[in-house]
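> Sequence and predicted structure, then a few things I'm wondering about:
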Amino acid sequence: MASSVKDAILRGRKTVESVVEEGRKKVEDVVEGGLNTVETVVEVGLNTVDAVVGKGRQTVESAVSLGRKTVEHTLLNRRGTMKAAVLHGREDIRIEQVPVPEAAVGELIVRVGAALTCGTDLKVFRRGYHARMIVPPALFGHELAGTVVEVGEGVTEFVSGDRVVALNSAPCGQCYFCQHGQENLCDDLLFNNGAYAEFIRIPARIVAKNTLHVLDHVPLEHAALTEPLACAVHGFEDSHPHPGDMVAVIGGGPLGLMILHVAALAGCEVIAIVKHDGQVEAARQLGATHVVQTGSIRKAIADTRALTPKNRGVDIAIEAVGVPEAWQEAVELVRKGGTVNFFGGCAQGTHVTLDTNRIHYNDITLRATFHHTPAICRKALDLISGGRFQAQAFITGHAHLYELNRVFEKLMNRDSEIKTAIVP
Ligand SMILES: [Zn+2]
Ligand SMILES: [Zn+2]
């Protein structure tokens with residue numbers, strides 16, 4: 001019996017041990033399984049995170065790549081077309097998508113930094129054409145400075161990125177007038193229009209003769225003044241001035257103001273004859289010693305002569321309005337031996353009546369100056385770069401290309417505006 005009890009106990013212990021053992025194994029299995037499960041879960045989780053990150057990265061990369069492609073595509077598209085002002089006729093400018101020009105041999109493509117409004121453009125806007133410069137439908141605008149973006153074959157003077165001012169014309173260099181130092185009268189003057197646009201093509205001849213580098217410190221919109229300033233400098237120098245001369249300038253428009261400023265900088269005593277209040281201030285700021293403000297020609301003549309010693313008249317009178325009455329007025333302003341410059345161009349077919357006795361017996365020199373020469377253009381840009389010339393005073397407004405119609409309408413009605421810089 002005792003042995004059977006012992007056996008039973010032994011058996012029971014074994015059973016308990018085996019149960020415990022089994023239980024331990026089960027627990028271990030479970031723990032093992034759990035660990036495995038946790039690891040699996042963690043593993044799967046990590047994989048999932050990796051996958052998500054990976055996918056995210058791919059998404060971002062493809063988005064960036066897509067973005068880059070879109071940008072490139074857009075640039076390519078811009079290469080295809082650009083916004084530009086197209087003149088269709090009288091007071092009809094439309095901003096259109098037109099092909100971006102490409103540089104042929106000797107040419108440049110310039111991204112327009114600033115294009116300035118000009119009295120000539122205003123005339124063209126009113127009339128719808130310009131006999132020598134523009135026949136609609138045509139790209140429009142001619143005073144600009146910008147950055148070279150494409151260089152045609154054979155161009156050595158310029159590289160992409162150069163800041164330049166490209167003049168609106170260039171002489172042929174071959175004709176009688178070019179050979180005689182009167183390139184402004186060239187028989188084959190080549191004009192370029194299209195400054196009111198994102199890009200402009202500069203023809204080979206203008207690249208070779210009338211495209212100039214702009215110094216870093218000179219804003220592009222100041223450099224764009226080179227063309228009108230060249231006309232002003234030309235008109236002034238053609239009048240053979242001497243320092244201390246009394247110079248009367250008729251007209252307070254952009255060119256009248258430029259001529260008087262150039263004359264003042266050259267040491268002349270300037271009398272500005274203007275109509276509008278805004279022009280009075282501008283004339284004073286730009287160096288006029290006296291300002292005669294009147295709409296009456298009789299009064300302008302009397303008041304101007306009264307400012308000269310013994311009423312004798314000025315040494316030089318420069319007409320910068322372009323109407324026959326002002327041409328006649330100019331002749332009445334000068335002293336014996338004086339010089340008149342008919343600088344303002346009148347409408348085609350205009351005639352004037354002049355007192356021949358006065359001209360002959362007073363030994364009056366009559367001159368008329370048109371346009372500019374390459375040498376004068378360089379002089380004008382030097383004047384702008386030099387710092388004494390108040391370029392900023394001539395730019396009285398800024399506008400975007402799509403506001404161009406409104407800008408011209410405003411210029412027709414308001415007389416205090418000098419030039420507006422159009423930024424494409
Ligand atoms: Zn102009
Ligand atoms: Zn020529």
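Alright, I've got the coordinates. Numbers count the residues shown, from 1 in each chain. Ligands and ions are numbered 1, 2, ... in the order given.

> which ones are touching Leu212?
Each residue near Leu212 by CB atoms under 8 Å, 6 or more residues apart in numbering is listed here: Val164, Val165, Leu167, Thr226, Cys377, Arg378, Leu381. In short, each C-beta sits where N, CA and C put it, glycine included.

> and it, what are its bridge partners?
Taking DSSP bridges as the rule, Leu212 bridges to Val165.

> so Gly338, which of the three states?
When classified by DSSP: H, G, I helix; E, B strand; the rest coil, Gly338 comes out as strand.

> What's the separation between it and ligand 1?
In this view, Gly338 and ligand 1 are 28 Å apart by CB to the ion, to the nearest Å.

> what separates stretch 335-350 from the chain centre, distance-wise?
Distance of stretch 335-350 from the chain centroid (CA atoms, centre = their mean, to the nearest Å) equals 31 Å.

> Excluding chain neighbours, give the residue nearest to Arg163 in space.
Using CB to CB, 6 or more residues apart in numbering and skipping the chain neighbours, the partner closest in space to Arg163 is Val214 (4.3 Å).

> ok now do the one you found, which residues does it touch?
Ala145, Arg163, Val164, Val165, Leu220, Ala223, Leu381, Ser385.

> what about 6 Å?
By CB atoms under 6 Å, 6 or more residues apart in numbering, the contact list for Val214 reads Ala145, Arg163, Val165, Ala223.

> go on, Ala288?
Counted by CB under 6 Å, 6+ apart, Ala288 has contacts Leu260, Val270, Ala272.

> Identify the residues contacting the helix or strand hosting the first one?
Meaning Leu260. Under the criterion DSSP states H and E, the helix or strand holding Leu260 is helix 254-265. Applying CB under 6 Å, 6+ apart, the external contacts of helix 254-265 come out as 119, 229, 232-233, 235-236, 247, 249, 270, 272, 282, 286-288, 318, 320, 388, 418-419.

> how many neighbours does the residue in the stretch 201-350 of the chain positioned nearest to ligand 1 have?
Taking CB to the ion, ligand 1 has its nearest neighbour within the stretch 201-350 of the chain at Pro228, 4.8 Å off. Using other CB atoms under 10 Å, Pro228 has 23 other residues around it.

> Mark which of the contacts of Leu212 are part of strands, please.
Val164, Val165 (DSSP state E).

> Close to ligand 1 as well: tell me which of the contacts of Leu212 qualify.
Among the contacts of Leu212, none lies close to ligand 1 by the criterion of CB under 5 Å from the ion.

> hmm, which two among the contacts of Leu212 are most spread apart?
Val164 and Arg378 (13.1 Å; CB to CB).

> Same drill for the two, tell me which one is more crowded.
A count of neighbours by other CB under 10 Å puts Val164 above the other of Val164 and Arg378, at 22 against 14.

> surely that one meets Val207?
No - with contacts counted by CB atoms under 6 Å, Val164 stays clear of Val207, the gap being 9.1 Å.

> Kindly present the contacts of Leu212 as CSV, with separate columns for distance to ligand 2.
As requested, these are exported to CSV (distance: CB to the ion, whole Å):
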residue, distance to ligand 2
Val164, 23
Val165, 22
Leu167, 15
Thr226, 21
Cys377, 15
Arg378, 18
Leu381, 22
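
> Near ligand 1, which residues of the stretch 101-250 of the chain? Just list them.
So far as CB under 5 Å from the ion goes, the stretch 101-250 of the chain lies against ligand 1 at Cys118, Thr120, Glu143, Pro228.

> run the last query once more with 8 Å
Leu116, Cys118, Gly119, Thr120, Asp121, His142, Glu143, Asn168, Glu227, Pro228, Cys231 (CB under 8 Å from the ion).

> which parts of this structure sit against ligand 2?
Residues of the chain lying near ligand 2 (CB under 8 Å from the ion): 171-179, 183, 185-189.

> Widest-spaced pair of these?
It's Gln179 and Leu189 that sit farthest apart of those, by CB to CB, at 14.5 Å.

> the more surrounded of the two?
Leu189 (21 against 11).

> wait, that one sits on Ala170?
No - between Leu189 and Ala170 no contact is recorded; they are 7.6 Å apart, counting by CB under 6 Å.

> distance of the residue nearest to Arg163 from Ala195?
Distance of Val214 to Ala195, given as CB to CB, to the nearest Å: 15 Å.

> same deal with Leu87?
12 Å.

> How about stretch 201-219, which residues are buried there?
Neighbour counts over stretch 201-219 (16 or more other CB atoms under 10 Å) mark 201-212, 214, 218-219 as buried.
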